[in-house]
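1. Sequence and computational prediction follow.
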Amino acid sequence: MSDPVSKSTLTHIQRLEAEAIHIMREVVAEATNPVMLYSVGKDSAVMLHLARKAFYPSPPPFPLLHVDTTWKFQAMYELRERMAKESGMELLVHQNPEAAERGINPFDHGPLHTDMWKTEGLKQALDKWGFDAAFGGARRDEEKSRAKERIFSFRTASHGWDPKNQRPELWNIYNARKNKGESIRVFPISNWTELDIWQYIRLNDVPIVPLYFAARRPTFEWEGGLFMADDLPRLEKVLGYRPEITERSIRFRTLGCFPLTGAVESNATTLNEVIQETLLTTTSERQGRVIDKDAGGAGMEVKKQQGYF
Amino acid sequence: MTVQEPIYQTEALIAEDIEAYLNLHQHKSMLRFITCGSVDDGKSTLIGRLLYDSKMIFEDQLAALENDSKKVGTQGHEIDFALLVDGLAAEREQGITIDVAYRFFSTEKRKFIVADCPGHEQYTRNMVTGASTADLAVILIDARKGVLTQTRRHSYLCHLIGIRHIVLAVNKMDLIGYDQARYDAIVADYAAFAASIGIEAFTAMPISGFKGDNITALSENTPWYSGPTLMGHLEAVEVNTAAEAAGVFRMPVQWVNRPNLDFRGFSGLISNGTVRKGDAVRVLPSGKTSTVTRIVTLDGDLDEAVAGQSITLCLADEIDCSRGDVLAAADAPPQVADQFETNLVWMADEPLVPGRAYWLKLASQTVSVTVSQPKCTINVNTMERLAAKTLELNAIGLAEITTDRPIVFEPYTESRTLGGFILIDKISNATVAAGMLNFSLRRAQNVHWQALDVTREAHARLKGQSPAVLWFTGLSGSGKSTIANLVEKKLHALGKHTFLLDGDNVRHGLNKDLGFTETDRIENIRRVGEVAKLMTDAGLIVLTAFISPFRAERDMVRGLLAADGRDGEFFEIFVDTPLEEAERRDVKGLYKKARSGALKNFTGIDSPYEAPEKPEIRVDTMRETPEEAAERIVALIIGDWMPVI
């Protein structure tokens, strides 16, 4: 990524990369038990790549943690296993046993699905392994309350976030000290935009889930959205009927749980085409996800106060 | 109507040649800036406008915005761009900005990160957070209101935090009918203020964030304005990393990379300069030197790396180097010291406790530190310097700090990385202050002391006396000079070698460059203290007659002598005259001037006098005549203390 124009002025991508690496090294130097949250999405892919750069030739000195909802796409589980192996990192997977027992699913339980599997699941996992610092791939351009969040974001012992009383964060000096029971969520790619993420993936050949690229896939329509039938027998079970399957050329702009993440019809099969489509599209990224719409404009802020990432 | 030139043609390029577009985007530089100003000057609206004009607002956001504008907007039926930026529920409810919001947009030339900073004084710490990473500040002024207290406060903070580029955006020009005379008057007003606080240059422009004048295109509403548009200026100014890259190599070591016995690398972010394979480097504070053998990255070894890059270096020698050390160019290393003068911005509800131990974090160094009682605080609304015992939330002060071991540093003006630090409360772990190192107090560390054959004892012996400093302090008109004069006459008559340093006289020569602000007063006293010390080295009995209103400075002079083990040579003589009496006497007519406002920073009137707590001698002028007081002082000096060496 050398810049042929001027050696003394780094490009914005170079500066963002250096900033993220600096943040990761600070956490490793100061936290006692850090972990990297890994959701297998494109932001997680970039995070993992940055971690490998930050500590090369050592493997990143922390495990990957996947808070699994059991409703991820098959292709995501496949990439997860492959990347853990390639990076030489330990992979920890946590599924909220209570959510599993109660059969919580996105079709019947709506917002409760996110709350139980993700918010509660994350808290359980952090407590279970005693992590005091968790890297997350959230970006400030995603959503309004994220735009206000510090890079080192403190959580009380009960994982709450107090947006009105955040620690001042000066220059690139991060105060990682905390009291017993408190933890830090660290966002090394806070200052990246969606385009920066794509640009970085392109420049560094970062492996991402194939679902980001268009292909002919089995789809069905549900509550006005277009979804992929990733596991038809299971779908049938929770929906109580066999949805009408149509094969369409689709791809995903974001990847979450498959019924919470809508697909878009697309013919973008290369990275350049995906980026092109992303840039020309007129709906902002998270619209495909249902989560921000809860509780009006303050949906994410409320979720974060409750401990969501 | 504003001239709308389609200057952002990115969409066409994206559609036609995505490869070319991505190559263009890849080579953009990045500018970080902040917007600040008074509460309703339109900061959030301006940012909303920049996002809108650079097409960073998507259709769904725009639809939601139109909806919100009708519900809670403050712009009638028009779109309220501020709602795009104020993201916290409490902010939207109250219509104010509490915390810094970071927004992103890019043009064909640059990517921008803009921090929208809160205007209220109670959120100063959040503003400083936003300013600390900025290359540029846009200071907004409401054209109807002109320069306000908050404008001044934010300008001062931006200058303090070292932002090199200041833009004065005179906003809401549409509401004053694009009146050039009004604009010129505001700019002139601001220029005078800026010069007074040391801002050397700024760029002024008339804009309307709401209407879009002079944002991306020059407005036909202001034909008299020929400067750059706001966006044009943001695209053109030099970013900090360019300046940092031009410096001498420094890299604070964050982490030592040891995957196996054969590899030992030092990881960090280069803060200044360039490093190349084969360069001689020095490890600070140990001072050991070695040579760079490799610059390691996942993408292969580099031949050189510059400021702003995160790298891992390997060295030729097995020298001791760990987190907290600084790798630097071997022939131009940074300094190492443990006592500093600093500017502090206090950020916690609990005030500073002078003498208490805090953690100090500077780059990757964390040490224990104590802060002295502040020399002064700055009233950021009036720029006045005031005596202070502590620093409260949002206070800015000048204070000395002492670390428990030497740290590697550079003055903040030379390096944000090696000169900027935070203080952390050891109990709550909260970040309680941001600090900037001005200089180390052991400035003599690089100047070797010349051993003199004729010692101070020899000087004193020849004069048949023990040297001393008689430090007279008290209000203007209290009688300091009168009594000091009498004491000197009496000592002279006794054959003692004396010298009287008089406040007014010193200001005609040695200190004629100093005014009467608190910093200048502090410097005045520091110089007098140093001169008095030199004179005692020459064996003299030195008498000084200065108001010297601040305890800290008198203690500093006492400390100057104490540092050399000469504690017993300093006599603080408090000439205690009540303010009413001094003002009644008003020998020089100064109180009258001060009361009328013609004289600023006058001790006792609009600047405090801190009476000594334990003076060696106290003179109560309501009970003692000057003659009686002088007799008593001489008796004390000669009789009790001054045996001939």
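-> Nice, I can see it.

2. For the stretch 101-250 of chain A, which segments are assigned as helices?
-> For the stretch 101-250 of chain A, the helices defined by DSSP state H, counting those that start in this stretch cover A:106-109, A:111-113, A:121-129, A:194-204, A:232-239.

3. contacts for the fourth one?
-> The contact list for helix A:194-204, computed with C-beta atoms under 8 Å, 6 or more residues apart in numbering or on different chains, reads A:1, A:12-13, A:16-17, A:42-43, A:45-46, A:49, A:139, A:141, A:189, A:192, A:206, A:208, A:271-272, A:274-275, A:278-279, A:285, B:22, B:25-26, B:106, B:111. Backbone N, C-alpha and C define where each C-beta goes, glycine included.

4. and those, which are buried?
-> Taking 16 or more other C-beta atoms under 10 Å in any protein chain shown as the criterion, what is buried in these is A:12-13, A:16-17, A:42-43, A:45-46, A:49, A:139, A:141, A:189, A:192, A:206, A:208, A:271-272, A:274-275, A:278-279, A:285, B:22, B:25-26, B:106, B:111.

5. Just the ones of those residues in strands?
-> In strands, defined here by DSSP state E, the members of the buried ones among the contacts of helix A:194-204 are B:106, B:111.

6. And the residue in the stretch 101-250 of chain A positioned nearest to chain B, how far from residue B:101?
-> In the stretch 101-250 of chain A, the residue found nearest to chain B is residue A:144; the distance is 3.1 Å by C-beta to the nearest C-beta. As for residue A:144, its distance to residue B:101 is 8 Å (criterion: C-beta to C-beta, to the nearest Å).

7. likewise residue B:537?
-> When distance is defined by C-beta to C-beta, residue B:537 is 58 Å away from residue B:101.

8. Counting neighbours, go ahead and name the busier of the two.
-> residue B:101 (27 against 16; other C-beta atoms under 10 Å in any protein chain shown).

9. Mind pulling up the pLDDT for the more buried one?
-> Looking at residue B:101, its pLDDT reads 79.

10. partners of it in the sheet?
-> Beta-bridge partners recorded for residue B:101 (DSSP bridges): residue B:116.

11. How many residues are close by residue A:91?
-> Residue A:91: 15 neighbours (other C-beta under 10 Å).

12. residues in contact with the closest residue to it other than its chain neighbours?
-> With C-beta to C-beta, 6 or more residues apart in numbering or on different chains as the criterion, residue A:91 has its nearest non-adjacent residue at 3.8 Å, and that residue is residue A:84. Contact partners of residue A:84, counting by C-beta under 8 Å, 6+ apart, are A:64, A:90-91.

13. Strands of the stretch 1-150 of chain B, start to end?
-> Ranges of strands in the stretch 1-150 of chain B, per DSSP state E, counting those that start in this stretch, are B:29-37, B:101-106, B:110-116, B:136-142.

14. longest helix in chain A, by residue count?
-> Using DSSP state H to define each element, chain A has its longest helix at helix A:12-30.

15. tilt between that helix and strand B:101-106?
-> Angle of helix A:12-30 versus strand B:101-106, following axes from the mean of the first three to the mean of the last three C-alpha atoms, to 10 degrees, is 150 degrees.
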